[in-house]
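J.: Sequence and predicted structure below; questions after.
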Amino acid sequence: MEKKTVKQRGSRASSPAPLHDERPANEGEGGASDQEIYERIITSIMEHRLPPGTKLGEDKLAKIFGASRARVRQVLARLALERVVVLHPNRGAFVAEPTVEEAREVFEVRRPLEALVVHRIVAKKDPAIVARLRAHVAAEEAARAARDRRAIIRLSGEYHVLLAELSGSTLAARLMHELASLTCLIIFLYDAPSVPACRDQEHSEITQALADGDEAAAIRLMTEHLEHVEACLDLSRGRPEELDLEAALAG
């Protein structure tokens with residue numbers, strides 16, 4: 001499945017390149033650019049390497065990325081606007097920890113949003129869109145064959161962002177980018193850590209329905225898919241243990 005530029009989040013060679021809000025590196029400064037810092041953090045969240053509740057200390061991040069604290073602070077502010085980071089006065093920045101109520105709200109919002117995305121894609125009747133989706137599904141299948149759990153988790157989430165981006169709605173793409181990141185955090189908190197929440201064939205079946213131009217079937221499959229992911233949540237799961245921040249953000 002999913003809980004990115006699609007990565008949303010920087011794209012990987014193994015998946016179709018999603019649209020993203022690219023920001024140039026700051027001139028005159030060394031180290032990673034603002035966008036690179038942003039992408040590394042988002043990717044670590046998408047791949048379940050950066051658990052909810054992790055403290056994102058400015059000094060530590062500045063050292064990891066070879067950037068100034070001011071630039072790190074800007075990236076953290078951007079992530080806070082997307083609700084994947086929470087800024088606490090006098091305490092610093094932390095990876096968001098969605099509550100049970102917030103988890104339910106995310107899926108409540110995703111259902112009509114993804115139905116709208118499906119509607120827009122079917123209306124386009126564009127073979128190039130179907131080709132992009134099939135290429136992404138193939139990347140997911142390759143990750144499963146390689147038993148690359150991190151890639152499976154990331155690509156599963158990126159599939160939904162790619163759908164939104166290909167729908168042609170900038171607003172839907174931005175919302176899905178945020179919701180997909182939150183979903184990854186929710187899965188990290190409440191799902192079995194070794195089991196992807198998406199069944200292997202679900203994205204393929206949705207893509208086929210879109211290729212057939214069968215909007216009703218595509219919406220039904222998408223709704224069932226989201227319901228399955230939500231049903232896999234274990235709301236009694238405790239918080240994850242603290243981790244090595246530098247190791248989690250390694251490229």
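T.: Arrived safely.

J.: Do you know the pLDDT at the closest residue in space to residue 154 that isn't next to it in sequence?
T.: Nearest non-adjacent residue to residue 154, counting by C-beta to C-beta, 6 or more residues apart in numbering: residue 46, 4.4 Å away. Using the backbone N, CA and C atoms, a C-beta is placed for each residue, glycine as well. Looking at residue 46, its pLDDT reads 87.

J.: Residue 111 too?
T.: 97.

J.: and if you look at residue 5?
T.: In this prediction residue 5 is given a pLDDT of 40.

J.: returning to that earlier point: mind checking how far the residue nearest to residue 154 is from residue 85?
T.: Separation of residue 46 from residue 85 (C-beta to C-beta, to the nearest Å): 14 Å.

J.: follow-up on the earlier one: ok, the residue nearest to residue 154 - how many residues close by?
T.: If you count neighbours by other C-beta atoms under 10 Å, residue 46 ends up with 32.

J.: what's the spacing between it and residue 170?
T.: Residue 46 is 21 Å from residue 170, by C-beta to C-beta.

J.: Isn't the residue nearest to residue 154 up against residue 151?
T.: No - in this structure, residue 46 is not within contact of residue 151 by C-beta atoms under 8 Å, at 9.9 Å.

J.: Can you classify residue 175 by secondary structure?
T.: Three-state call for residue 175 (DSSP: H, G, I helix; E, B strand; the rest coil): helix.

J.: need the contact list for it.
T.: Applying C-beta atoms under 8 Å, 6 or more residues apart in numbering, we find residue 175 in contact with 109, 113, 164.

J.: Of those residues, just the buried ones, PyMOL syntax please.
T.: In PyMOL, this line selects whichever of those come out buried by 16 or more other C-beta atoms under 10 Å:
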select buried, resi 113+164
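
J.: would a markdown table of the contacts of residue 175 with secondary structure and distance to residue 66 be doable?
T.: A markdown table is the format used below for those (DSSP: H, G, I helix; E, B strand; the rest coil; distance: C-beta to C-beta, whole Å):
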| residue | secondary structure | distance to residue 66 |
| --- | --- | --- |
| 109 | helix | 37 |
| 113 | helix | 38 |
| 164 | helix | 33 |
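
J.: of all the contacts of residue 175, which comes closest to residue 35?
T.: residue 164 (19.9 Å; C-beta to C-beta).

J.: wait, isn't that closest one in contact with residue 171?
T.: No - applying C-beta under 8 Å, one finds residue 164 not in contact with residue 171, separated by 9.2 Å.

J.: which residue ranges form the helices in this protein?
T.: Assigned by DSSP state H, the helices in the chain fall at 34-46, 58-65, 69-81, 100-124, 127-145, 149-166, 170-190, 202-211, 215-231, 245-248.

J.: And those helices: which comes nearest residue 52?
T.: helix 170-190 (4.9 Å).

J.: Return the residues in contact with the nearest residue to residue 47 once chain neighbours are set aside.
T.: Closest residue to residue 47 apart from its sequence neighbours, by C-beta to C-beta, 6+ apart: residue 150 at 4.0 Å. Contacts for residue 150 (C-beta under 8 Å, 6+ apart) come out as 47-49.
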